[in-house]
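**Q** missing the sequence, but the structure's below:
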């Protein structure tokens, strides 16, 4: 099978993005407005390792904010795309033991697999009742930390009439003008492929028609958003927070939420079963879900998983977005096949 069609310029940008471990400059962390976390009992000195797909600048902000609450906990971070992270976990598991304590990455399907294999311990989040129940694993092994929809982005200097649906992207007028992430690299893109194929209004017929427009396949969401912002490709399929960040920086880029509905990932977090630092790891999870942690997520342009912290500037409320929420178990079971279908069509 021939390789996916990847623009050399975008591929190079994607490599640089991975090396620099960031997609776009992160928003500044918010000034604390409350002090409840400051009263949390300080833990004894401990070191935890976090594997994450978060952009480096953003996870650095998270760690810094966490350390204002738990100054004795050292957080070591390994950052990579979800696909690379799962490969690393599998390699470590086969060679004697997973080296991470906490996993914070893109899609619930990965966590479902880990839970089924006994790799995760049950969580005991401190403020779980405040969390959107749609992002909470009913069995308690993981919980979402932010809402990240995949949307249509477009360059406002090139596109005068924004596409309003996924179906619009199959119109011949968008031939050779679309860019989207590679599901072999991006966990969110792999999840999206399965969701699209599961959706009756879309399915393989839509995906085949989209492929006929010959989209450029970039490594991940970061290079996709940059390609749209620069006009290299005027339309992109990408996570929404990157569009907000670039627009805030002055780029000619805007977002459209397709009327058929948008797939989303919730950047779940979980603790590996063989972690030696359970208390410190649980404290890190608790911080991510706390009001202060979620205010930081909002400042970083994410939609939050709790309703008492506001939303990013320019972002719609969740009840204004049509959301595709398929059965997670079904998506988990079909995701590998969906990625294979994607490879076969977008070659």
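**A** Received it, and whenever you're ready, just let me know what you need. Just so you know, these numbers come straight off a predicted model, no measurement behind them.
**Q** residue contacts, residue 310?
**A** Neighbour list for residue 310: 295, 298, 304 [criterion: C-beta atoms under 8 Å, 6 or more residues apart in numbering]. Where C-beta positions appear, they are placed from N, C-alpha and C, glycine not excepted.
**Q** Tell me the spacing between it and residue 130.
**A** 14 Å (C-beta to C-beta, to the nearest Å).
**Q** which residues touch the closest residue to residue 196 other than its chain neighbours?
**A** Nearest residue to residue 196 in three dimensions, chain neighbours excluded: residue 202, at 4.9 Å (C-beta to C-beta, 6 or more residues apart in numbering). For residue 202, the contacting residues are 166, 196, 260, by C-beta under 8 Å, 6+ apart.
**Q** if we take these, which one ends up nearest to residue 53?
**A** Checking the contacts of residue 202 against residue 53 with C-beta to C-beta, the nearest one is residue 196 at 20.5 Å.
**Q** Number of residues surrounding the closest one?
**A** Residues lying near residue 196 (other C-beta atoms under 10 Å) number 25.
**Q** do the same with residue 321
**A** Around residue 321 there are 18 residues (other C-beta under 10 Å).
**Q** Tell me who's in contact with the nearest residue to it once chain neighbours are set aside.
**A** Leaving aside its chain neighbours, residue 321 sits nearest to residue 257 (5.3 Å; criterion: C-beta to C-beta, 6+ apart). The contact partners of residue 257, by C-beta under 8 Å, 6+ apart, come to 149, 151-152, 240, 316, 321-322.
**Q** Please identify the helix or strand for residue 342.
**A** Element membership for residue 342 (DSSP states H and E) is helix 328-345.
**Q** The protein: helices as residue ranges?
**A** 8-20, 56-69, 82-94, 108-116, 187-198, 203-212, 221-230, 240-248, 278-289, 291-299, 328-345 (DSSP state H).
**Q** hang on, the earlier thing: so how far is residue 266 from the residue nearest to residue 321?
**A** 17 Å.
**Q** thinking again about what came up before, could the contacts of residue 202 go into CSV alongside pLDDT and distance to residue 58?
**A** Below are the contacts of residue 202 laid out as CSV (pLDDT from 0 to 100; distance: C-beta to C-beta, whole Å):
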residue, pLDDT, distance to residue 58
166, 98, 28
196, 97, 27
260, 95, 29
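**Q** surely residue 255 meets residue 151?
**A** Yes. At 5.1 Å, residue 255 counts as touching residue 151 under the criterion of C-beta atoms under 8 Å.
**Q** Give the intersection of the neighbour lists for these two.
**A** By C-beta under 8 Å, 6+ apart, the residues touching both residue 255 and residue 151 are 240, 243.
**Q** Could you list the domains of this protein?
**A** Here the domain parsing of the chain from automatic domain parsing is 8-19+148-264+322-345, 32-146+266-315.
**Q** burial measure for residue 200, as a count.
**A** Around residue 200 there are 6 residues (other C-beta under 10 Å).
**Q** next one: phi and psi at it?
**A** Per-residue torsions, residue 200: phi -60, psi -40 (degrees, to the nearest 10).
**Q** can you tell me how far it sits from residue 171?
**A** 20 Å.
**Q** Could you list the low-confidence segments of this structure?
**A** 1-40 (pLDDT under 70).
**Q** centroid residue for it?
**A** Taking C-alpha atoms, centre = their mean, the centroid of the chain lies closest to residue 106, which sits 4.2 Å from it.
**Q** Is it correct that that one is in contact with residue 264?
**A** No. With contacts counted by C-beta under 8 Å, residue 106 stays clear of residue 264, the gap being 10.4 Å.
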